[in-house]
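1. Got a sequence here, can you model it:
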Amino acid sequence: MKPARSELKDPDAVKQACLSCNGTRYTHGCAGAWTHVRSLIQDSTQHALDEFEAKHKMERVTSGSANGKEVLFHMRLEFLHQQVQWPGLSFFKDKIPHDATKITILHMAYLDEQVKSVPGHIHQRYPPAIQVAITELLGGYKDMLQPLCGGCGVETSTNSQYHDFASIARHKGPLFVMGSSFGMWAALANVHGPVYMSSNFGGGQKPPVEGGKGAGFFWDDGKMLPNQNVSNFKQMSANEVLRWARAN
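-> Predicted coordinates for the structure are as follows:
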């Protein structure tokens, strides 16, 4: 057993976290103790990824580039959960480098052929009408983001849950996470960055995320569209979501 990280012990911070998180369902729904231990999250998660790949004789998952000019945006394809919100243009503007060489929109499998080809657990399956809406949504975000990097290539990517998690955790370059505990934990473990996280997480309190390596973890104040406005595209169509995103 590894020795305790004595430098992370802070009774006052624990007390404050308990007060902040009283009555909350999700740890990431409040300014919990996780905001103080990013270095521990980075070390333990990166070690776990290395160990998992070695044990299963897997090729190492990588993302980004050494010069930090590739951007990764994790898009959670969830259209009902209250914690997921849809980012407007302001979420990315002035944060995506003008000289970025590529933007990748990372998303879970949603088309029938993707679901059949991706190994392991699939978080959710979608009926044909929603698959069509998702395709329109992805295409619209690609078109919206491309001018921010001076016309660089913008692509979509999907793989297994492990591969996507490791891609977020190891990405070299700017990283955007619109909202999910899956994406947030991987982003906290990222040692490069900068990381931009939807500010409705952490109880909307934007608590400072302390310690760790990399260019920092930042709460993104860009405008977000709540999922209750989308409601599986019953309240707003994909086209209407995109029009909102471009205007905000």
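
2. Identify the residues contacting the most centrally placed residue in the chain.
-> Taking C-alpha atoms, centre = their mean, the centroid of the chain lies closest to Val177, which sits 2.7 Å from it. With contacts defined as C-beta atoms under 8 Å, 6 or more residues apart in numbering, Val177 is in contact with His74, Ile168, Gly183, Met184, Ala187, Val195, Tyr196, Met197, Ser198. For every residue, glycine as well, the C-beta is placed using N, CA and C.

3. same thing but at 10 Å, please
-> Taking C-beta atoms under 10 Å, 6 or more residues apart in numbering, we find Val177 in contact with 72-76, 87, 106, 168, 183-188, 190, 195-198, 201, 217, 220.

4. How many neighbouring residues does the nearest residue to it once chain neighbours are set aside have?
-> Of all residues not flanking Val177 in the chain, Gly183 sits nearest, at 4.1 Å (C-beta to C-beta, 6 or more residues apart in numbering). Neighbour count of Gly183, defined by other C-beta atoms under 10 Å: 25.

5. Just the element for Gly183, please.
-> helix 181-189 (DSSP states H and E).

6. Also Ala129?
-> Judged by DSSP H and E, Ala129 forms part of helix 128-145.

7. Please spell out which residues along that helix are buried.
-> By neighbour count on 16 or more other C-beta atoms under 10 Å, the buried set for helix 128-145 is Ile130, Gln131, Ala133, Ile134, Glu136, Leu137, Leu138, Gly140, Tyr141, Met144, Leu145.

8. Give the next helix or strand downstream of the helix or strand of the chain with the lowest mean pLDDT.
-> When each helix and strand of the chain is scored by mean pLDDT, DSSP states H and E, helix 11-20 comes last, with a mean of 86. Downstream of helix 11-20, the first helix or strand assigned by DSSP H and E is helix 38-55.
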